[in-house]
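> Structure of the sequence below:
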Amino acid sequence: MPDESQRATDATKWAGLIEAVAKRQDRAAFSTLFEHFAPRVKTFIRRSGASEASADELAQETLLAVWRKAALFDPLSAGASSWIFTIARNLRIDALRREQRGSVHDTSDVDAEFQVDESPQPDSMLASAQSETRVRAALAELSEEQMRVVELSFYEEKAHGEIAQILQIPLGTVKSRLRLAMNRLRNLLGELS
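Numbering: from 1, shown residues only. Sure, this is the predicted structure:
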């Protein structure tokens, strides 16, 4: 186990090598960093549950990121090892997220009784349909001008300034019509419940 002075010397050495990569794109410095950190990063990633191939790939990606981002390293905020292992951890998290997004949930090894049905329940589907009917009925009660402002604002997601330009009316009128429409809808939906 290295003593405190040896760790400080190593930290200075690694920081100096990263600085050499940043300033001069020093391949020899990078090679030294790679030889030292690649196996350690690979082991770190393997311990997080990654396969051998995935850990090898992520270790290489990590050190490639060190090469590309060396200028961003600040020895005053983090040690070289911490910085490199943070890059590795972030790449591992990104890889896990990609796997989760891209994978189809395989439930072949799970008993059917433990599977969760994510589809909406019949009562919530009925409530949703009834709510939608109520909202449509309330919208039909709005004046044509109010309905157009609501459509542009909520369905087409236009900003108030854009609505004013489209309808060729003052911005204050847009806001007023929208406020009146929302109050009218609130009252109508309250009456219909």
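> Which SSE is immediately downstream of the lowest-mean-pLDDT helix or strand in the chain?
Every helix and strand in the chain was compared by mean pLDDT, DSSP states H and E; the lowest is helix 122-140, with a mean of 73. Per DSSP states H and E, helix 122-140 leads on to helix 144-150 as the next helix or strand towards the C-terminus.
> so after that next one, what's the next helix or strand?
Once the chain leaves helix 144-150, the next helix or strand it forms, by DSSP H and E, is helix 160-167.
> And whatever helix or strand comes next after that following helix, how far out from the chain middle?
The helix or strand immediately downstream of helix 160-167 is helix 171-192, counting by DSSP H and E. Mean-position distance between helix 171-192 and its chain equals 35 Å (Cα atoms, centre = their mean, to the nearest Å).
> Would you mind giving the domain segments of the chain?
Residue ranges for the domains of the chain, per automatic domain parsing: 4-101, 137-192.
> Run a quick check on residue 146 versus residue 180, I expect a contact.
Yes. Using Cβ atoms under 8 Å, residue 146 is in contact with residue 180, at 6.2 Å. From N, CA and C alone the C-beta is placed, and that goes for glycine too.
> what about this protein, any weak spots by pLDDT?
Residue ranges of the chain with pLDDT under 70: 1-3, 8, 103-128, 191-193.
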